[in-house]
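**Q** Whatever this is, show me its structure:
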Amino acid sequence: MEALEAIMTRRSVRKFENRQIPDEDLDTILRAGSYAPSALALQPWAFVVVQNQEFLNTVSDYCKPIMISLMKNAHDGMSDEFRALLESSGYSIYYHAPTVIMVVGKTKSRFREIDCALCAENMMLAAHALGIGSCWIGSTEVAYDNKGLMAGFRIPEDYSPVGTLVFGYPAEHPEVHDKRPANVTWVR
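**A** Take a look at the predicted model:
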């Protein structure tokens with residue numbers, strides 16, 4: 001798949017087949033992440049690959065009521081549809097994806113969030129090129145302060161979470177559609 005085609009056609013996938021991604025494809029996805037640009041070429045990222053569904057369900061069950069509470073206490077633009085999903089039984093914030101990858105960054109790296117986000121995008125584009133679906137999961141963030149729960153991710157010392165991505169073979173293929181034009185200001 002050509003690079004521009006991958007960029008223009010990648011969509012977030014939220015329904016996955018019940019089969020695991022081969023390790024060689026996951027290695028390719030992780031390697032693509034490590035080729036992302038980073039400030040001063042420091043590459044402040046590391047990856048935690050989770051395929052333990054019981055653990056992921058535990059994290060999801062912890063996060064869902066917190067997300068619901070946050071939605072009730074603030075008008076943060078989350079849809080009623082998302083609230084209904086959070087409240088439904090059997091719903092997982094990880095969409096029951098077979099693989100979850102947490103991108104973590106060196107805690108003292110000033111640009112770790114930007115660098116790790118670039119890394120995550122490379123991973124999602126590589127996955128798409130391999131026929132594997134992905135989605136960035138923001139809901140895990142509400143668990144970052146729960147040291148006991150976060151210990152299950154086995155995050156390397158001196159690193160902290162930046163983002164969580166889900167990967168799997170798509171059971172749905174979201175329609176490719178045009179995006180809204182960006183607000184562009186030219187300074188020449």
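**Q** quick one: low-confidence parts of the protein?
**A** 73-78 (pLDDT under 70).
**Q** for it, which strand is longest?
**A** The longest strand of the chain (DSSP state E) is strand 159-168.
**Q** Can you list the buried residues in stretch 155-162?
**A** 155, 159-162 (16 or more other C-beta atoms under 10 Å). Quick note: C-beta positions are derived from backbone N, CA and C, even for glycine.
**Q** just stretch 111-127 next, same as before
**A** Here stretch 111-127 shows 112, 114-127 as buried, counting by 16+ other C-beta under 10 Å.
**Q** Kindly export that stretch (C-alpha atoms) in PDB.
**A** The C-alpha trace of stretch 111-127 is given here as PDB (Å, rounded to 0.1, in the frame of the first residue of the first chain):
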ATOM      1  CA  PHE A 111       8.700  15.900  24.200                       C
ATOM      2  CA  ARG A 112       7.600  12.300  25.100                       C
ATOM      3  CA  GLU A 113       3.900  12.900  24.400                       C
ATOM      4  CA  ILE A 114       4.500  14.400  21.000                       C
ATOM      5  CA  ASP A 115       7.200  11.800  20.100                       C
ATOM      6  CA  CYS A 116       5.100   8.900  21.300                       C
ATOM      7  CA  ALA A 117       2.000  10.200  19.400                       C
ATOM      8  CA  LEU A 118       4.100  10.200  16.200                       C
ATOM      9  CA  CYS A 119       5.200   6.700  17.000                       C
ATOM     10  CA  ALA A 120       1.600   5.600  17.600                       C
ATOM     11  CA  GLU A 121       0.500   7.000  14.200                       C
ATOM     12  CA  ASN A 122       3.300   5.100  12.400                       C
ATOM     13  CA  MET A 123       2.100   1.900  14.100                       C
ATOM     14  CA  MET A 124      -1.600   2.500  13.100                       C
ATOM     15  CA  LEU A 125      -0.600   3.200   9.500                       C
ATOM     16  CA  ALA A 126       1.700   0.100   9.400                       C
ATOM     17  CA  ALA A 127      -1.200  -2.000  10.700                       C
END
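**Q** can you list contacts of that stretch?
**A** With contact meaning C-beta atoms under 8 Å, 6 or more residues apart in numbering, stretch 111-127 is reached by 3, 6-7, 10, 28-39, 42-45, 101, 103-106, 109, 133-134, 136, 160, 162-163, 165, 167.
**Q** The same query, at a cut-off of 7 Å, please.
**A** With C-beta atoms under 7 Å, 6 or more residues apart in numbering as the contact definition, stretch 111-127 has outside contacts at 6-7, 10, 28-29, 32-33, 35-39, 44-45, 103, 105-106, 134, 136, 162-163, 165, 167.
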